[in-house]
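*Asks:* what follows is a predicted structure for the sequence shown.
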Amino acid sequence: MQIKSKLPNVGTTIFTIMSGLAREHNAINLSQGFPDFNPDQKLLDLASKYMNTGFNQYAPMQGVLPLRERISEIMQTCYRASFNPDTEITVTPGATYAIYTCVAAFINKGDEVIVFEPCYDCYTPAIEVHGGIVVPVELQYPGFGIDWNLVKSKVNSKTKMIIINSPNNPCGTTLTENDLKELENLVRGKNIIVVSDEVYEHMAFDNKPHQSAALYPGLREQCIIVSSFGKTVHTTGWKIGYVAAPKELMNEWRKVHQFLVFAVNHPLQMALAEYLTDKSTYLELKNFYQNKRDYFRKLISGSRFIIEPCTGTYFQLLNYKNISNEKDTELAIRLTKENKLASIPLSVFYTNKTDNKLLRFCFAKKEETLEKAAEIICSL
Ligand code: PMP
Ligand code: GLN
């Protein structure tokens, strides 16, 4: 059989490769981003409660109303933005799916989509599968700031979408108020949809509030906001997230959604809805992860790595230029096999495989895991 691949240049994701290698070599896994601790027992008990009380058939296509109401409350509490639970919020099987569906619903063959590199790895394949053209803009290293003049120079009549991500994976950085205003001015009056991947929205550190697109009225009108409960309540394996967008965009988005998955895991939606009535479940998250960040950075402060700034997410970048000249992909593999510590090399998130000698380490881990990892990092 002749297969004409829609993704001829795509292999297996770096997360699958590095987590597999970590298992094979019995290495500490700070590569793929997930907590090595369990979610709150209260949440697990609620999941079991809803499974045992009859919530085991299809959920509504939009998501269960109590959860959509909670999401609306989160948007109001955190960003003073009102989203109608009936028409402007939909529950999704995770953020990856949500982003894919944004592209499926709005990108036609030949449409251009601007992404910022290093770029979370699910964006560009989604664009390519739908015949869209990826227009990468490199963030400026060090610091990973956006050169807005460069962005403006890439916008033309074919530009249909801009995907942003703050707090940023893999950089661990956050966009500023000025960035969001630049974007708001750039898209105003144009037929450009902004997809704002805000899965780390509750993990912005150092008392600098997360700059959600929901805070900017001009942006909000042209934007689909994506988030994921995987990050917020330590349940990456549940794959439940959501999109929030103005009614007209949401109508179109749901046309695709209803035929891609139709509905999302019912008892887990109910459990999340009840759990999230306690606002501390998301409002306290930034302190929880800021403490982990600080603990990890303190443990590795004596190492030969350069510790990059981390203003959000649960990822810490380390620059190894004082330690080795190796390619980042080679070093990440060697450290996993020989030193028993797995990380993620940054170059895989660039179209041109730009290698700034950076590895990404996930600190969503128990203290003892961070201590063991730090010992290895300090020995290099
Ligand atoms: N976007 C970013 C930036 C991410 O880091 C992740 C990671 N998990 C996702 C989207 C996907 O989230 P989900 O697991 O809910 O699909
Ligand atoms: N978002 C997670 C990370 O960046 C991984 C998700 C995945 O494995 N696809 O590590």
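*Replies:* Perfect, thanks for sending it. Ligands and ions are numbered 1, 2, ... in the order given.

*Asks:* is any part of the helix or strand hosting residue 22 close to ligand 1?
*Replies:* Assigned by DSSP states H and E, residue 22 belongs to helix 14-24. No. Helix 14-24 stays clear of ligand 1 (Cβ under 6 Å from any ligand atom), getting no nearer than 8.4 Å. (Glycine included, C-beta is placed from N, CA and C.)

*Asks:* residues touching that helix, excluding its own?
*Replies:* 27-29, 31-33, 121, 332-333, 336-337, 342-345, 348 (Cβ atoms under 8 Å, 6 or more residues apart in numbering).

*Asks:* mind redoing it with 6 Å?
*Replies:* Residues from elsewhere that reach helix 14-24 (Cβ atoms under 6 Å, 6 or more residues apart in numbering): 29, 31-32, 336, 342, 344, 348.

*Asks:* how about the strands in the stretch 1-150 of the chain?
*Replies:* 28-29, 89-92, 112-117, 133-138 (DSSP state E, counting those that start in this stretch).

*Asks:* what residue in the stretch 151-300 of the chain comes nearest to ligand 1?
*Replies:* residue 228 (3.3 Å; Cβ to the nearest ligand atom).

*Asks:* ok, what's across the strand from that residue?
*Replies:* residue 241 (DSSP bridges).

*Asks:* kindly report the same for residue 163.
*Replies:* With DSSP bridges as the rule, residue 163 is bridged to residue 115, residue 195.

*Asks:* so it makes contact with residue 123?
*Replies:* Yes. Using Cβ atoms under 6 Å, residue 163 is in contact with residue 123, at 5.4 Å.

*Asks:* burial of residue 250, as a residue count?
*Replies:* 23 (other Cβ atoms under 10 Å).

*Asks:* what's near enough to touch the residue nearest to residue 355 when sequence neighbours are not counted?
*Replies:* Of all residues not flanking residue 355 in the chain, residue 347 sits nearest, at 4.4 Å (Cβ to Cβ, 6 or more residues apart in numbering). By Cβ under 6 Å, 6+ apart, residue 347 lies in contact with 328, 353-355.

*Asks:* the same query, at a cut-off of 7 Å, please.
*Replies:* Listed by Cβ atoms under 7 Å, 6 or more residues apart in numbering, the contact set of residue 347 reads 328-329, 353-355.

*Asks:* can I get the buried part of those residues as one ChimeraX selection?
*Replies:* Only the buried entries of these go into this ChimeraX selection, using 16 or more other Cβ atoms under 10 Å:
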select :328,329,355
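
*Asks:* just put the contacts of residue 347 in TSV and tack on distance to residue 287 and pLDDT.
*Replies:* Shown next, in TSV, are the contacts of residue 347 (distance: Cβ to Cβ, whole Å; pLDDT from 0 to 100):
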residue	distance to residue 287	pLDDT
328	32	98
329	35	98
353	37	97
354	34	98
355	35	98
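
*Asks:* so which of the contacts of residue 347 are in strands?
*Replies:* Of the contacts of residue 347, none are assigned to strands by DSSP state E.

*Asks:* looking at the contacts of residue 347, which are in helices?
*Replies:* Of these, the ones assigned to helices by DSSP state H are 328-329.

*Asks:* so residue 335 makes contact with residue 341?
*Replies:* Yes. Taking contacts as Cβ atoms under 7 Å, residue 335 lies within contact range of residue 341: 5.3 Å.

*Asks:* looking at these two, which one has more neighbours?
*Replies:* residue 341 (25 against 22).

*Asks:* ok, residue 243 - contacts?
*Replies:* By Cβ under 7 Å, 6+ apart, the contact set of residue 243 is 90, 92, 98, 224-226, 253.

*Asks:* in CSV, list these along with distance to ligand 1 and neighbour count.
*Replies:* CSV is the format used below for the contacts of residue 243 (distance: Cβ to the nearest ligand atom, whole Å; neighbours: other Cβ atoms under 10 Å):
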residue, distance to ligand 1, neighbour count
90, 14, 26
92, 8, 25
98, 7, 25
224, 13, 26
225, 12, 26
226, 7, 28
253, 16, 22
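
*Asks:* what is the nearest of those to residue 144?
*Replies:* residue 226 (20.0 Å; Cβ to Cβ).

*Asks:* which residue packs closest to the closest residue to ligand 1 within the stretch 51-200 of the chain, ignoring adjacent ones?
*Replies:* Residue nearest to ligand 1 within the stretch 51-200 of the chain: residue 94 (3.0 Å; Cβ to the nearest ligand atom). Excluding the flanking residues, the one nearest residue 94 by Cβ to Cβ, 6+ apart is residue 239, at 3.9 Å.

*Asks:* list the residues that contact the one you found.
*Replies:* Neighbours of residue 239 in contact, by Cβ under 7 Å, 6+ apart: 93-94, 230.

*Asks:* same question, residue 71
*Replies:* So residue 71 contacts 89, 242, 244 (Cβ under 7 Å, 6+ apart).

*Asks:* and the pLDDT at the first one?
*Replies:* Right, the one you point to is residue 89. Note on residue 89: pLDDT of 99.

*Asks:* from residue 279, how far off is it?
*Replies:* 17 Å (Cβ to Cβ, to the nearest Å).

*Asks:* so between the two, which is more surrounded?
*Replies:* Taking neighbours as other Cβ under 10 Å, residue 89 and residue 279 compare with residue 89 leading, 25 against 13.

*Asks:* wait, isn't that one in contact with residue 241?
*Replies:* No. Checked against Cβ under 7 Å, the pair residue 89 and residue 241 is beyond contact range at 11.3 Å.

*Asks:* many thanks, we can stop here.
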